[in-house]
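Novice: Everything below, folded, please.
(chains A and B)
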Amino acid sequence: MKPIDIPTLQPKLRVLGREQALAIHGAALEILEKTGIKMEHPRGLEMLASAGGRVYNGDWVKLPAYLAENALRSAPREIALYDQQGNKAMALTGGNPYFGTGSDTTFTMDLETGRRRRTALKDTANFARLVDGLDNISFAMSMSNPEDVPVADIYVYAFAEMVKNTNKPMVFIADSGRDLAKIYEIACLVAGGKDELRNRPFLLNYSEAISPLRFPQNVMERLLFCAENGVPLCLPSGSNAGGGAPVTLAGAMALGIAENLAGLILHQLAGRGSPFLFGPNVSVLDMKTTVVSYGCPEWSLTQAALADMRDELYGLPVWAFAGASDSKVMDAQAGAEAMFSIITAMLSRCNLIHDGGYLEFGNTSSLEMVTMNNELVAMSRFFVEGIPVNEGTLALDAIRRVAGGGPGSIFLMDDHTFEHFMQAQFLPVLLDRSRYDVWEAAGGNDLYRRCNLEAKRVLAEHEPDPKPNGVLREIDAVVHGS
Amino acid sequence: MMSDLSALTQAVIKGDAKTAVEETQKSLDAKVGIQDIIDNGLISAMDEMGDRFSKGVIFVPQMLRSAKTMQECMRLLEPLIKEGEVTTKGKVLIGTVKGDLHDIGKNLVSMMMEGAGFTITDLGVDVTPEKFAQKAQEVEPDIVAMSALLSTTMPAMPDTIRALEEAGVRSKVKVMIGGAPVTEDYAREISADSYASDAGSAVARAKQLLNVS
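Specialist: Predicted structure coming up:
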């Protein structure tokens, strides 16, 4: 009888115990029960009141714990995101991690000059196309705040530009119900109709409540629209430790989770069973510079804790970040911070992991960073796959052959190596291991320069599958029309 | 006199409100002038803290603790200040623009400016251009400061400048802007007088604009 396969342990990081998780969850529920939230959308407030919320002081509403528990039960445990050609691309559930870029960067690092400049629509296009051409980056975000489009419709322009340059899933921003409706129209054109889009969504809306506990009208318009139309959504408030939330991480998490639960409650009331990606952004407000940090260990820690709370309590896929830096340039700090967040996000099994490619705490986007992250994700993935132990990998036959094969007998020549090496090892492309003189002769380039060249190559050579001309014309009509 | 005020200065620097208020009362009892107490007891402490902060020696919470301590002392002094008796570095009217509800940055700027000796009128968030203009006529500030965190709310800044023009007050004030998506170039574009990237530089720019130290 054939021996039973030895299962491969896939290393996983746990940062929070069950009691800690229960205490943070309890604190979140207490915030909702005793303080509640400020709901600035009149219909939203009515809905919460009808469902059992207790309104006070005008538009504040206290939410009993059972509303949160009900909402957690009715929200789907898997959010499936498809690519723009209708193929399932991202199974957001359990321990599946997917990495992508970020949105709303005012500046970008120019690929030719290496200087920081304002972002324009061509940058939105380039970042989308780069993501389309990188195997380990799963979804696209705008990586820009284009200055050359009318600001009232900036997110519509950005969405359309991304759609033209990638077929991968997208996480997008909108301002209010008004521009969201246009973006939705474009998405339906791509998918082939409302039902098709609802069945195979390729997009997810990123909205934010304002910590502490404030739910603005325009944000709720978007939440309600997405809930009603089955457009996947996340609502991570900026409950940053020392900023919108208490400086101690447990309290910041409790507040962010309370805000998320409040959003989820309204979301499920508006669209029971509609997809909701769970989780706040719990970074830190730097105590010297007052920036929200994108390179700090705290954010990696709190999102790992959130993933543990998913496993312990919530069951909903979680939102996270990785591959970003506070550095103003792509230097060793950028590499160190990016790797720290990428490997920990992967080890803790966060699901939708965004902001890869950010420099300057999200003010500047970098094509080189995205390119580097592509490799760092692969390297981390290799680690997380673990060490398969079986007859083939134990290689006793090969050992016998090579050890007993006399002089000149080396593993490199053996069939076993030929058959296994491509799966057995991580094969770096951009991380350089060449000998000194070879490296020098090739230009003596550092990682930044190699990523710069690779980004240029991908942009020059990679063509995303084009959309039909008819669809592109209709999209332009929505963008520029009524 | 100076040695009494140095005890006050130290208390403000340490963020020790209890001692600071006691020292303020002691100085009043010793007939030290209110302007003297403010300038040499309180503002001098905040200038020292501002200096340490810009050098990265102290953290924001420590800076703000000292600012709060100064506020406690001012609470003691305010009822005793007769109209026009005390001069400040300048009057600042500040708010987050229409459609925008973010206020952490704005609040930091307010606290730091107050600590530096400016008088602040904070209009809060989601402030319409009309409200800025109306309050500017009422308060007669030296500086109108606007904050925005969303690129979609930035257009409220040139709208507000226009409202100030229509109210006939634009030439009487200096306009300062700030916030994550705001840039130096944008300030130039909309003919604001200054841009600042954070609370510390906001204080420095405000002093420059009004030619005070």
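Novice: Would you mind finding the longest helix in chain A?
Specialist: Counting residues, the longest helix found in chain A (DSSP state H) is helix A:249-270.
Novice: residues near residue 72, how many?
Specialist: Since you didn't name a chain, this refers to chain A. The number of residues packed near A:Leu72 is 20, by other Cβ atoms under 10 Å in any protein chain shown. Using the backbone N, CA and C atoms, a C-beta is placed for each residue, glycine as well.
Novice: right idea, wrong chain: chain B
Specialist: B:Glu72 - counted by other Cβ under 10 Å - has 14 other residues nearby.
Novice: which secondary structure element contains it?
Specialist: Following DSSP states H and E, one finds B:Glu72 within helix B:60-77.
Novice: For whichever helix or strand comes after that helix, what is the distance to the chain centroid?
Specialist: Using DSSP H and E, the helix or strand that follows helix B:60-77 towards the C-terminus is strand B:90-96. What separates the centre of strand B:90-96 from the centre of its chain is 7 Å, taken as Cα atoms, centre = their mean, to the nearest Å.
Novice: related to what we said a few turns ago, for the longest helix of chain A, which helices and strands make contact with it?
Specialist: helix A:18-30, strand A:37-39, helix A:42-51, helix A:65-74, helix A:217-229, strand A:276-277, helix A:297-309 (3 or more Cβ pairs under 8 Å, 6 or more residues apart in numbering or on different chains; DSSP states H and E).
Novice: Would you mind reformatting those (as TSV) and adding columns for mean pLDDT and distance to chain B while you're at it?
Specialist: As requested, the helices and strands packed on helix A:249-270 are exported to TSV (pLDDT from 0 to 100; distance: least, Cβ to the nearest Cβ, whole Å):
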stretch	mean pLDDT	distance to chain B
helix A:18-30	98	21
strand A:37-39	98	10
helix A:42-51	98	15
helix A:65-74	98	24
helix A:217-229	97	8
strand A:276-277	98	22
helix A:297-309	98	15
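Novice: could these go into a markdown table alongside distance to A:Ala258?
Specialist: Putting the helices and strands packed on helix A:249-270 into a markdown table (distance: least, Cβ to Cβ, whole Å) gives the following:
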| stretch | distance to A:Ala258 |
| --- | --- |
| helix A:18-30 | 4 |
| strand A:37-39 | 8 |
| helix A:42-51 | 14 |
| helix A:65-74 | 9 |
| helix A:217-229 | 16 |
| strand A:276-277 | 15 |
| helix A:297-309 | 13 |
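Novice: Which of these sits closest to B:Gly124?
Specialist: strand A:37-39 (13.7 Å; Cβ to Cβ).
Novice: Packing partners of the closest one?
Specialist: Using 3+ Cβ pairs under 8 Å, 6+ apart as the contact test, the elements touching strand A:37-39 are strand A:60-62, strand A:214-215, helix A:249-270.
Novice: Am I right that B:Ser213 is in contact with B:Lys207?
Specialist: Yes. The pair formed by B:Ser213 and B:Lys207 meets the contact definition of Cβ atoms under 8 Å, at 6.2 Å.
Novice: quick one: pLDDT of the closest residue to B:Leu42 other than its chain neighbours?
Specialist: In this structure, B:Leu42 finds its nearest non-sequential neighbour in B:Met70, 4.8 Å apart by Cβ to Cβ, 6 or more residues apart in numbering or on different chains. Reading off the per-residue confidence, B:Met70 sits at a pLDDT of 94.
Novice: Which residues of chain B lie near chain A?
Specialist: B:56, B:59-61, B:99, B:101-102, B:104-105, B:108, B:150-152, B:154-155, B:180-181, B:183, B:185, B:198-199 (Cβ under 8 Å from any Cβ of the partner chain).
Novice: Relative to B:Gln10, how far out is the residue in chain A that chain B sits nearest to?
Specialist: Relative to chain B, the nearest point of chain A is A:Met287 (4.1 Å; Cβ to the nearest Cβ). A:Met287 is 23 Å from B:Gln10, where distance means Cβ to Cβ, to the nearest Å.
Novice: Output the below-cut-off pLDDT ranges for the chain.
Specialist: Unless you meant another one, I'm taking chain A. By pLDDT under 70, the low-scoring segments of chain A are A:482.
Novice: should've been chain B
Specialist: When residues are selected by pLDDT under 70, those of chain B lie in B:1-4.
Novice: any idea how far the residue in it that chain A sits nearest to is from B:Cys73?
Specialist: Residue nearest to chain A within chain B: B:Phe59 (4.1 Å; Cβ to the nearest Cβ). In this view, B:Phe59 and B:Cys73 are 22 Å apart by Cβ to Cβ.
Novice: more neighbours, those two?
Specialist: Summary of the neighbour comparison: B:Phe59 and B:Cys73, criterion other Cβ under 10 Å, with B:Cys73 having more neighbours (25 against 17).
Novice: Show me what the strand or helix carrying B:Asp51 is packed against.
Specialist: With the criterion set as DSSP H and E, the secondary-structure element containing B:Asp51 is helix B:44-54. Contact analysis of helix B:44-54 by 3+ Cβ pairs under 8 Å, 6+ apart lists helix B:2-14, helix B:60-77, helix B:104-116, helix B:199-210 as its packing neighbours.
Novice: In PDB, list the C-alpha atoms belonging to the first one.
Specialist: Think helix B:2-14. Extracted C-alpha coordinates of helix B:2-14, given in PDB (Å, rounded to 0.1, in the frame of the first residue of the first chain):
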ATOM      1  CA  MET B   2      12.600  87.500  35.500                       C
ATOM      2  CA  SER B   3      13.300  84.700  38.000                       C
ATOM      3  CA  ASP B   4       9.500  84.400  38.700                       C
ATOM      4  CA  LEU B   5       8.700  84.100  35.100                       C
ATOM      5  CA  SER B   6      11.400  81.500  34.600                       C
ATOM      6  CA  ALA B   7       9.600  79.300  37.000                       C
ATOM      7  CA  LEU B   8       6.500  79.800  34.900                       C
ATOM      8  CA  THR B   9       8.400  79.100  31.700                       C
ATOM      9  CA  GLN B  10       9.800  75.900  33.100                       C
ATOM     10  CA  ALA B  11       6.300  74.700  34.200                       C
ATOM     11  CA  VAL B  12       5.000  75.300  30.700                       C
ATOM     12  CA  ILE B  13       7.900  73.500  29.200                       C
ATOM     13  CA  LYS B  14       7.300  70.600  31.500                       C
END
